[in-house]
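1. Okay, sequence plus prediction incoming.
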Amino acid sequence: MPFVTVTGRQVEYRMIPGDLARPALVFLHEGLGSATLWRDFPDKVAGRLGARALVYSRFGYGQSDGLVGARSVRFMHEEALDVLPPLLDEFRIERPLLIGHSDGASIALIHAAARPVAGLVLMAPHVFVEPVTVESIARIRESYRATDLRARLAKYHARVDDAFLGWADTWLRPEFLSWSIEELVGNVAAPMLLIQGRDDEYGTLAQLASIEARARASVSRLVLERCGHSPQRDQETAVLDAICAFARGLGEP
């Protein structure tokens, strides 16, 4: 994949071509994801909508440059407000349709509270910290220490400790327990589509309820049975259909 310089460092990305008259799709990966780990899901969404799409790996993930220090508890704010805006500017993307998964969904929401977007697709979003999330991260943190998980993740991340420990150890910090972006939801003017698996091991439907209770824009939800933390993999067809219907309902050409 090619690289683009953002805030003086290299970011791995790929651009899927499409109609410039439509809002660009921007895919924001989860806490252990990367541009590659989205697989062909962005291509399927972009192909059905005829839209261009930007897929990238955040610092510390994929082949992007590594972290320059320990992540702060505001790492999602920093990505949403300090990194994503100049990245979008680099590609002359205005008012994108942000499609975020897990941490990426939270980043999308933070960004949309400060800058205009066409819409938000939030898959398994986090707007506050739940015990189930911390417990699941603690378990996978132990697996990283005791099993071959590190070696498996190293196939996808050039700096695997940055990717995994930068995510897990930040979420497990005691001061992170009070992290919340609930107060930002009311600042989002764009429509939102919320997608959650009923069997999500990293969050509950309380996340969606919190967003719905605070939103001033229109919100729709899709709750999927037999679906865990990755709806785009567990229930790909249903998620594709929902995203495309949502995007077409935004009044775009």
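-> The structure has been received and is ready for your questions.
2. The stretch 101-250 of the chain: helices as residue ranges?
-> Under the criterion DSSP state H, counting those that start in this stretch, the stretch 101-250 of the chain contains helices at 103-114, 131-146, 149-153, 160-171, 206-214, 231-234, 236-248.
3. neighbours around the closest residue to His111 other than its chain neighbours, how many?
-> Of all residues beyond its chain neighbours, the one nearest His111 is Ala80 (4.0 Å), with distances taken as Cβ to Cβ, 6 or more residues apart in numbering. Every residue, glycine included, has its C-beta placed from N, CA and C. Taking other Cβ atoms under 10 Å as the neighbour definition, Ala80 ends up with a count of 27.
4. So which residue is dead centre in the chain?
-> When Cα atoms, centre = their mean is applied to the chain, the residue found nearest the centroid is Gly104 (1.7 Å).
5. Name all residues that make contact with it.
-> Contacts of Gly104 were listed using Cβ atoms under 8 Å, 6 or more residues apart in numbering, and they are 27-30, 33.
6. okay, the residues you listed in JSON lines with secondary structure and neighbour count next?
-> Converted to JSON lines, those look like this (DSSP: H, G, I helix; E, B strand; the rest coil; neighbours: other Cβ atoms under 10 Å):
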{"residue": "Phe27", "secondary structure": "strand", "neighbour count": "27"}
{"residue": "Leu28", "secondary structure": "strand", "neighbour count": "29"}
{"residue": "His29", "secondary structure": "coil", "neighbour count": "24"}
{"residue": "Glu30", "secondary structure": "coil", "neighbour count": "23"}
{"residue": "Gly33", "secondary structure": "coil", "neighbour count": "24"}
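7. Tell me the buried residues in stretch 173-191?
-> Residues of stretch 173-191 classed as buried: 176, 179, 181, 184-185, 188, 190-191 (neighbour count, 16 or more other Cβ atoms under 10 Å).
8. In those residues, find the pair that's most separated.
-> The most widely separated members of those are Phe176 and Pro191, with 29.5 Å between them, by Cβ to Cβ.
9. Tell me which two in the contacts of Gly104 are the farthest apart.
-> Using Cβ to Cβ, the two most remote members of the contacts of Gly104 are Phe27 and Glu30, lying 10.6 Å apart.
10. What's the local residue count around Gly50?
-> Using other Cβ under 10 Å, Gly50 has 12 other residues around it.
11. got it, and Tyr144?
-> As a burial measure, Tyr144 scores 19 neighbours (other Cβ under 10 Å).
12. what's the answer for the one 10 residues further on, then?
-> Residues lying near Ala154 (other Cβ under 10 Å) number 15.
13. Any chance of the backbone angles for it?
-> phi -60, psi -20 (degrees, to the nearest 10).
14. who are the neighbours in contact with it?
-> With contact set as Cβ under 8 Å, 6+ apart, Ala154 has these partners: Val160.
15. where's it relative to Tyr61, distance?
-> With distances defined as Cβ to Cβ, to the nearest Å, the gap from Ala154 to Tyr61 amounts to 12 Å.
16. before we move on, what about Leu193?
-> Leu193 is 24 Å from Tyr61, where distance means Cβ to Cβ.
17. which one of these two has more residues nearby?
-> In terms of neighbours (other Cβ under 10 Å), Tyr61 is the more surrounded of Leu193 and Tyr61; the figures are 32 against 23.
18. Next one, pLDDT for the more buried one please.
-> The confidence metric pLDDT takes the value 98 at Tyr61.
19. Confirm it sits in a strand?
-> No. With the criterion set as DSSP: H, G, I helix; E, B strand; the rest coil, the secondary structure at Tyr61 is coil rather than a strand.
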